[in-house]
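Asks: Quick one, what's the 3D model for this:
(one chain, ligands or ions: 1)
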Amino acid sequence: MSLGFLGTGTIATAVVHALAPLGHQITVSERSASNAAALSAAYDNVTIAANADVTATADVLFLGLMPDTARELLPKLPFRAGQRVISFIADLPLSEVQALIGPAQAESLVLPFPAIAHTRSPLIAYPESDLVAEIFAAHDVFAMASEAEFKAMLSAQAVLSPVVQMLLTAADWAATQGAEATKAQDFLRSLIAANLTASPLAPLLASLSTEGGYNARLRAHMDSANSFTALKSGLDAL
Ligand SMILES: NC(=O)c1ccc[n+]([C@@H]2O[C@H](COP(=O)([O-])OP(=O)(O)OC[C@H]3O[C@@H](n4cnc5c(N)ncnc54)[C@H](OP(=O)(O)O)[C@@H]3O)[C@@H](O)[C@H]2O)c1
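Replies: Have a look, this model is predicted:
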């Protein structure tokens, strides 16, 4: 499959790292020149071209642009009937993408995450698409049933950053108490990843609720400090 990327920024670069090893012919736009050059140097099947040439040559196009750039750039590009476009642009509804790409088909709005460059990773997609499922078969595509569900998960995924901040805070705290700093981070990352992978959330929480135990006491403390209420109001405000 011939794949083209308009915008070679953070997320497009991560996705190229995920897809290039599969052997697709990939063209990336010449913007973010250092990213484009590194990808082309790393993979024989990745080449660099101007936006118009990326658009002209690809069967499937990925949009790794900011919304205002997309609004200005896309109507000038030579999209054609039969091409399919997968947008990563979280804040641009697919209906608006469709209006900007003329005869091509806006296939799905897909949110990958940077970890996809290195490992199996979840993505959210709306609407569900066989093409997206095929291209990202090595990953976990969560198809959203409605635009509302997509928007809800777009906000909910932001919990990742506070979770990482909590782990960093706990590792830093452990270091002040005599733990080796890198070991503390490695242990906490492994602990959280293993437990979350092994169990759905409610049973996991139940198993971490031994009365008087360390987990139960810390959670109660954070609850009494309104940490979870703050999380909910923060999600409401996004
Ligand atoms: N970062 C994430 O984790 C993530 C995850 C899912 C979805 N997204 C979505 O992906 C989109 C891009 O995010 P990002 O984090 O990857 O941003 P980014 O790193 O700033 O990438 C934006 C890209 O657009 C390029 N660009 C700007 N003007 C252009 C033009 N006229 N022609 C071609 N390319 C142009 C930039 O090139 P220059 O560097 O040369 O200006 C850059 O390569 C956003 O809409 C975001 O919502 C991001």
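
Asks: For residue 197, see how far away the nearest residue to residue 198 once chain neighbours are set aside is.
Replies: Spatial nearest neighbour of residue 198, excluding adjacent residues (CB to CB, 6 or more residues apart in numbering): residue 204 at 7.8 Å. To be clear about C-beta, it is placed using only N, CA and C from the backbone, and glycine gets the same treatment. According to CB to CB, to the nearest Å, residue 204 stands 10 Å off from residue 197.

Asks: quick one, what contacts residue 48?
Replies: 27, 28, 29, 30, 36, 37, 40 (CB atoms under 8 Å, 6 or more residues apart in numbering).

Asks: Quick one: end-to-end length of stretch 195-202, please.
Replies: Taking CA to CA, to the nearest Å, stretch 195-202 runs 12 Å from one end to the other.

Asks: What of stretch 115-129?
Replies: End residues of stretch 115-129 are separated by 22 Å (CA to CA).

Asks: Is it positioned near the ligand?
Replies: No. For stretch 115-129 and the ligand, the contact criterion (CB under 6 Å from any ligand atom) is not met; the two come no nearer than 8.7 Å.

Asks: So the residue nearest to residue 198, which state does it fall into?
Replies: helix (DSSP: H, G, I helix; E, B strand; the rest coil).

Asks: Quick check: it touching residue 192?
Replies: No. The criterion here is CB atoms under 8 Å, and residue 204 misses it with residue 192 at 10.6 Å.

Asks: Ignoring the adjacent residues along the chain, who's closest to the residue positioned nearest the centre of the chain?
Replies: Closest residue to the average C-alpha location of the chain: residue 113 at 2.0 Å, with CA atoms, centre = their mean. Computed as CB to CB, 6+ apart, the closest residue to residue 113 that is not its neighbour in sequence is residue 121, at 5.6 Å.
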